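> Below are the sequence and a predicted model; questions follow.
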Amino acid sequence: MNKLVAEFLGTFTLVLIGCGAAVIAGADIGLTGISFAFGLALISMAYGIGAVSGCHINPAVSLGMVAAGRMTMGEAAGYIVAQIAGGIAGAAVLLVIASGKADYSVAANGLGQNGWGAGYLGEYSVTAAFVFEAVATFLFLIVILGSTGSGAPTQLAGLAIGLSLVAIHLVGINVTGVSVNPARSIGPALFVGAGAISQLWLFIVAPILGAIAAGLVFRSGLLSGED
């Protein structure tokens, strides 16, 4: 239960702080500031709850761990439920806060939801969005699995993982708003409504495929560090 509570709180924090930076402070801090908000939220949670649950706070990470042989599917299922609940709770609290501004409208201003196509940020195609999310999640999991594996300087893992998330956001915000995390996408989409929900499939499927691919690479021994 301690692990599930940790995963709930970690995902709650990531969504509230990361999406909150976009919704509340985006005009002031820009894409760079939003990128660092997501990364710093992850770093803080990595050191805050890492010793409890490993700080996955992302269903794709948990499934990547399963693929790598570091976690059972039964354990991952509990993590994923807690992560999705945390993402929804984080988005709900953000909506309450953002709604305190007189001219805020979830329909007009959004809630940091992910997307693609006409009217969304850089207006990239569905193919570009899918490829970015799958490849970015693959690379993200390579960092996570490598920095937390045996022989790695695990004291620095949280920093490496958080900075990799910053880098991914710096490249990808204009493409999809950056998910690489189904729970981060599900929370805001549920409150934004039909348009965001209709595109949610991509932010579930692509990150999971990328994460599983990275897990299988590690399970195969290709990146084991041994001759």
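Done, it's in. Numbers count the residues shown, from 1 in each chain.
> For the protein, just list every one of the helices.
Applying DSSP state H to the chain gives helices spanning 2-53, 59-68, 73-98, 106-109, 126-147, 157-176, 182-192, 194-198, 200-220.
> In JSON lines, list those helices along with mean neighbour count, distance to Trp116 and mean pLDDT.
Using the backbone N, CA and C atoms, a C-beta is placed for each residue, glycine as well. Shown next, in JSON lines, are the helices of the chain (neighbours: other Cβ atoms under 10 Å; distance: least, Cβ to Cβ, whole Å; pLDDT from 0 to 100):
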{"stretch": "helix 2-53", "mean neighbour count": "20", "distance to Trp116": "16", "mean pLDDT": "97"}
{"stretch": "helix 59-68", "mean neighbour count": "26", "distance to Trp116": "18", "mean pLDDT": "98"}
{"stretch": "helix 73-98", "mean neighbour count": "20", "distance to Trp116": "19", "mean pLDDT": "98"}
{"stretch": "helix 106-109", "mean neighbour count": "12", "distance to Trp116": "19", "mean pLDDT": "94"}
{"stretch": "helix 126-147", "mean neighbour count": "21", "distance to Trp116": "4", "mean pLDDT": "97"}
{"stretch": "helix 157-176", "mean neighbour count": "20", "distance to Trp116": "6", "mean pLDDT": "97"}
{"stretch": "helix 182-192", "mean neighbour count": "27", "distance to Trp116": "12", "mean pLDDT": "98"}
{"stretch": "helix 194-198", "mean neighbour count": "14", "distance to Trp116": "11", "mean pLDDT": "96"}
{"stretch": "helix 200-220", "mean neighbour count": "20", "distance to Trp116": "7", "mean pLDDT": "97"}
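> For the residue nearest in space to the middle of the chain, give me the pLDDT.
For the chain, Asn181 is the residue whose C-alpha lies nearest the centre (Cα atoms, centre = their mean; 3.3 Å). pLDDT, Asn181: 98.
> my guess is it contacts Pro207, does it?
Yes. Counting by Cβ atoms under 8 Å, Asn181 touches Pro207, with 6.3 Å between them.
> who touches both of the two?
58-60 (Cβ atoms under 8 Å, 6 or more residues apart in numbering).
> Distance to Ala196 added to those, as JSON lines?
Formatted as JSON lines, those follow (distance: Cβ to Cβ, whole Å):
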{"residue": "Asn58", "distance to Ala196": "19"}
{"residue": "Pro59", "distance to Ala196": "18"}
{"residue": "Ala60", "distance to Ala196": "19"}
